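S.K.: Predicted model and sequence below, questions to follow.
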Amino acid sequence: MNSYHIDKYLVITPELISRAIENQEFTPYFQPIFCSVSGRLTGCEVLLRWLHPKIGIISPEIFIPIAESSNLVVPLTSLLMKKTENIFKYVNHLIPDNFHIGINVNSDNILDPEFEQQCVQMLEQLGKEKIKLILELSERKKLQDTNEVHTIVDKLQKHNVLFALDDFGVEYSTFHYLQDYSVDFIKLDKSFIQQCESNKISEAIVDSIAMLAKRLHIKVVAEGIETIEQAKAMKNKGIEYLQGYLFSPPVSGDVFIHKWILSTEKRSN
């Protein structure tokens, strides 16, 4: 995809995205993740939003495919990481220990010569002992299975960078990744969660993935939790982490800090 018509007045093109990067129009939004047992905040997924000066928020579903086909993912991710770092560094003393920060990446990011240093810098700025940086491997643009990629992944893991497989189970290649890479988390696709109550096949798939993850010592995050019943079902299946609109939609940095970091600190006191 090289362009997308928002309306008759605005067409999203690579040139428009590139200009928006220069103008700092992209910003991180954060969706909290919770422990299924204790209910405590354990981390967040960082999601990119385009705050267009004329039409407001543009969904990543529109601009990410264009960015991926135009070699613009690297500068977008770089901007996202820097802004995320700036948001959290002033409140890192309030962040719960082992706080997970998940960022979506693909092969372009992994192969970027500056990416390793960006990850190291983020960990150093926010505290290596305080946060866990999790790189969520996207299915949209599959990770290349080459010696170079394996070498870079090994280097990142030596810096204590963790890896997650996003939208797990939707594509066959996610299972292939389990054979080729040492991953720390599986993010169970929301389609399985939402069909679990009414579809026995979906429920069996969730049960099988939970059992597989347990045998491989991999933690599971259930995405797309929308009801209390879904949250209880995932907890009963031994799935450790929950994420979804039941708890919160993705929110701006200011809202996330005030609602989930500062308020948690007040409650703990």
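M.R.: That came through, no problem. Numbering: from 1, shown residues only.

S.K.: contacts, neighbours, all on C-alpha from now
M.R.: Fine.

S.K.: where does the stretch 51-200 of the chain have low pLDDT?
M.R.: Within the stretch 51-200 of the chain, the set of residues satisfying pLDDT under 70 comprises 139-142, 170-174.

S.K.: Which parts of it are strands?
M.R.: Secondary structure of the stretch 51-200 of the chain, counting by DSSP state E, counting those that start in this stretch: strands at 56-58, 99-105, 131-137, 162-168, 185-188.

S.K.: Given the third one, what are its sheet partners and their directions?
M.R.: Think strand 131-137. Partner strands for strand 131-137, per DSSP bridges, with pairing direction: strand 99-105 (parallel), strand 162-168 (parallel).

S.K.: returning to that earlier point: could you redo the strands of the stretch 51-200 of the chain as JSON lines and give each row mean neighbour count?
M.R.: Converted to JSON lines, the strands of the stretch 51-200 of the chain look like this (neighbours: other CA atoms under 10 Å):
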{"stretch": "strand 56-58", "mean neighbour count": "13"}
{"stretch": "strand 99-105", "mean neighbour count": "21"}
{"stretch": "strand 131-137", "mean neighbour count": "23"}
{"stretch": "strand 162-168", "mean neighbour count": "24"}
{"stretch": "strand 185-188", "mean neighbour count": "23"}
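
S.K.: Dump those into a markdown table; add distance to residue 48 as well.
M.R.: Written out in a markdown table, the entries for the strands of the stretch 51-200 of the chain read as follows (distance: least, CA to CA, whole Å):
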| stretch | distance to residue 48 |
| --- | --- |
| strand 56-58 | 10 |
| strand 99-105 | 9 |
| strand 131-137 | 13 |
| strand 162-168 | 15 |
| strand 185-188 | 18 |
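
S.K.: Ok, which of these comes nearest residue 257?
M.R.: Closest approach to residue 257 among the strands of the stretch 51-200 of the chain (CA to CA): strand 99-105, 13.2 Å.

S.K.: Using PDB, write down the CA coordinates of the closest one.
M.R.: These are the backbone C-alpha positions of strand 99-105, laid out as PDB (Å, rounded to 0.1, in the frame of the first residue of the first chain):
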ATOM      1  CA  PHE A  99       7.600  -2.800  34.700                       C
ATOM      2  CA  HIS A 100       7.200  -4.100  31.100                       C
ATOM      3  CA  ILE A 101       7.300  -1.700  28.200                       C
ATOM      4  CA  GLY A 102       6.300  -3.400  25.000                       C
ATOM      5  CA  ILE A 103       7.200  -1.900  21.600                       C
ATOM      6  CA  ASN A 104       6.200  -3.400  18.200                       C
ATOM      7  CA  VAL A 105       9.100  -4.000  15.900                       C
END
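
S.K.: what's next to it, contact-wise?
M.R.: Residues outside strand 99-105 that contact it (CA atoms under 8 Å, 6 or more residues apart in numbering): 42-47, 77, 130-138.

S.K.: Farthest pair within those residues?
M.R.: Spatially, the most separated pair among the contacts of strand 99-105 is 130 and 138, at 25.2 Å (CA to CA).

S.K.: give the contact list for the residue lying closest to residue 228 once chain neighbours are set aside.
M.R.: With sequence-adjacent residues excluded and distances taken as CA to CA, 6 or more residues apart in numbering, residue 228 is closest to residue 246, at 7.3 Å. Shown in contact with residue 246 (CA under 8 Å, 6+ apart): 225, 226, 227, 228.

S.K.: pLDDT value on the residue lying closest to the second one once chain neighbours are set aside, please?
M.R.: Meaning residue 226. By the measure of CA to CA, 6+ apart, the closest residue to residue 226 outside its immediate chain neighbours is residue 246, 4.4 Å from it. In this prediction, residue 246 carries a pLDDT score of 96.
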